[in-house]
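Asks: generate a structure from the sequence data that follows.
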Amino acid sequence: MKTACIAASRVPSGTANSIQVMKVCHAISQVAAPAHLWLPGETRTPWEEIAVHYGLTRPFEISWLSSPPWMRRYDFTWRSLANAQRWGAQRVYTWLPQAALLALRRALPVILELHDRVTGHLAPWIFRQFIQAPGQKRLLVITEALLERLEAQFGSLAGLDIQIAPNGVELEQYADLPEAQTARFRLGLPEKMTAVYSGHFYAGRGVSLLVELAVTFPQISFIWVGGRPVDVGALKKQLERQNIRNVLLTGFIPNSQLPLYQAAADILLMPYERSIAGSSGGNSAEICSPMKMFDYLAAGRAILSSDLPVFHEVLNPQNAVFCPPEDPAGWKSALAALLQDPVRQHQLGEQARQDALHYSWRKRAERALLNFA
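Replies: Next up, the predicted model:
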């Protein structure tokens, strides 16, 4: 069955929404080919570059359509759906409420995936129309917490076909990972106790706490993986000013290489704050499903995480150690205790690896498409 995927992400890029869209479409192509993704943009990028950038193995079609920003992607919605119908799409999978509504009005079955509250001037009205519109439709939300927020905003959604669909992980990339010492050797990293953080350095990611931990634990090698060049440059200057020498900033790492860096860790860090900004701003601390959380599980290492309520939908005391967010003293105490307990580190890592098996992108796609159209 032909699945037309429609998203507004910039591809290629290092943003979380870009990675998530590409992983979802890749999984759909694996379980229900063919899939075709439509994106806004001016230029085409060869598949070979896309595959390396996002860690993909199975090709699927991607089309870019020019779309001026002032049109707020509404022109892109119309044009992508027209192209999808010419392609022969039998269902639509989208992250855009306007595309979902228009697909229903064109009698196409549609799956709408939401990662945040529906905000703005027109979007809430569009979403209400989607709720009320006839046709086969399914709503995917990334957390129970987000569903609660949507129901508080729009009333009961009990009449909709709804799935709670946390983000996932490419389990194939994490198969047969080496032990931490071997991973460090392959990457040319120091052979010493290592703590890894991977991801961006946007507001709310706990950067100041990461710096404090590096100062407090000079015996640990801290590897900070990822980040935009501007953020990495600013952090390097800060580390130089404070004469902090036990931190390595890698900058952007292709997704296909990320598992080896995470495998180099003895402990993986998730120091989120009470307010979390994304690439486009906002605060997702109450409703988020960070992709790094699933990567960390699959890496099979001890996880030290901020104790945000939404994380308990996936993490628990058997696969992670929780610390109060924005509490340096609590984090330092927890990290010190974990350093002294290698048995606990091993137990946490083994349970994390087992729990990751429930969160593959492929299984997520199978559930999303099950008995649909």
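Asks: right, and residue 204 touches residue 286 too?
Replies: No. The pair residue 204 / residue 286 is not scored as a contact, 11.9 Å apart, by Cβ atoms under 8 Å. Backbone N, C-alpha and C define where each C-beta goes, glycine included.
Asks: more neighbours, those two?
Replies: residue 204 (23 against 17; other Cβ atoms under 10 Å).
Asks: dump the residue contacts of that one.
Replies: 272, 273, 274, 275, 276, 277, 283, 285 (Cβ atoms under 8 Å, 6 or more residues apart in numbering).
Asks: and which of these is nearest to residue 321?
Replies: residue 272 (14.1 Å; Cβ to Cβ).
Asks: max-length helix in this protein?
Replies: helix 16-32 (DSSP state H).
Asks: any chance you could list what contacts it?
Replies: Applying Cβ under 8 Å, 6+ apart, the contact partners of helix 16-32 are 1, 3, 5, 7, 9-12, 35, 37, 50, 54, 56-60, 93, 95, 113, 115, 167-168, 170, 199-200, 255, 278-279, 290-291, 360-362, 364-366, 368-369.
Asks: going through those residues, which ones are buried?
Replies: Burial by neighbour count, 16 or more other Cβ atoms under 10 Å: within these this picks out 3, 5, 7, 9-12, 35, 37, 50, 54, 56, 60, 93, 95, 113, 115, 167-168, 170, 199-200, 255, 278-279, 290-291, 360-362, 364-365, 368-369.
Asks: out of the residues you listed, which are inside strands?
Replies: 3, 5, 35, 37, 93, 113 (DSSP state E).
Asks: check the residues you listed and tell me the two furthest apart.
Replies: Checking these with Cβ to Cβ, the most distant pair is 35 and 113, at 14.1 Å.
Asks: any idea how the protein splits into domains?
Replies: 3-165, 171-359 (automatic domain parsing).
Asks: these two touch, right, residue 209 and residue 328?
Replies: Yes. Residue 209 lies in contact with residue 328 (Cβ under 8 Å); the separation is 5.9 Å.
Asks: more crowded one of those two?
Replies: residue 209 (23 against 18).
Asks: quickly find the element holding the more buried one.
Replies: Per DSSP states H and E: residue 209 is located in helix 207-216.
Asks: for that helix, the averaged confidence score.
Replies: Average pLDDT, helix 207-216: 97.
Asks: in it, what counts as buried?
Replies: 207, 209, 210, 211, 212, 213, 214, 215.
Asks: if we can go back for a sec, between the ones in strands among the buried ones among the contacts of helix 16-32, which is nearest residue 193?
Replies: residue 113 (39.3 Å).
Asks: burial measure for residue 86, as a count.
Replies: 8.
Asks: and for residue 44?
Replies: With other Cβ under 10 Å as criterion, residue 44 counts 10.
Asks: what's the closest of the buried residues of helix 207-216 to residue 148?
Replies: For these, the nearest to residue 148 is residue 209 (28.1 Å; Cβ to Cβ).
Asks: for that closest one, give me its contacts.
Replies: 271, 326, 328, 331.
Asks: ok, now which ones touch the second one?
Replies: If I follow you right, that is residue 326. Applying Cβ under 8 Å, 6+ apart, the residues near residue 326 are 206, 209, 273, 274.
Asks: distance check, the last one against residue 343.
Replies: The reference is to residue 274. Applying Cβ to Cβ, to the nearest Å, the value for residue 274 to residue 343 is 32 Å.
Asks: all the helices of the stretch 151-300 of the chain, residue numbers only.
Replies: For the stretch 151-300 of the chain, helices defined by DSSP state H, counting those that start in this stretch occupy the ranges 180-187, 207-216, 229-241, 258-263, 291-299.
Asks: avg pLDDT for the fourth one?
Replies: Confidence for helix 258-263, expressed as mean pLDDT, is 98.
Asks: residues touching it, excluding its own?
Replies: Contact with helix 258-263 is made by 55, 173-174, 177-180, 183, 186-187, 196, 198, 223, 225, 250, 253, 268, 295-296, 298-301, as judged by Cβ under 8 Å, 6+ apart.
Asks: which of those residues are buried? Put it as a ChimeraX command.
Replies: To isolate the buried ones among the contacts of helix 258-263 in ChimeraX, judged by 16+ other Cβ under 10 Å, type:
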select :55,173,174,177,180,183,196,198,223,225,250,268,295,296,298,299,300,301
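Asks: follow-up on the earlier one: least confident of the contacts of residue 204?
Replies: At the low end of pLDDT for these is residue 277, which has 73.
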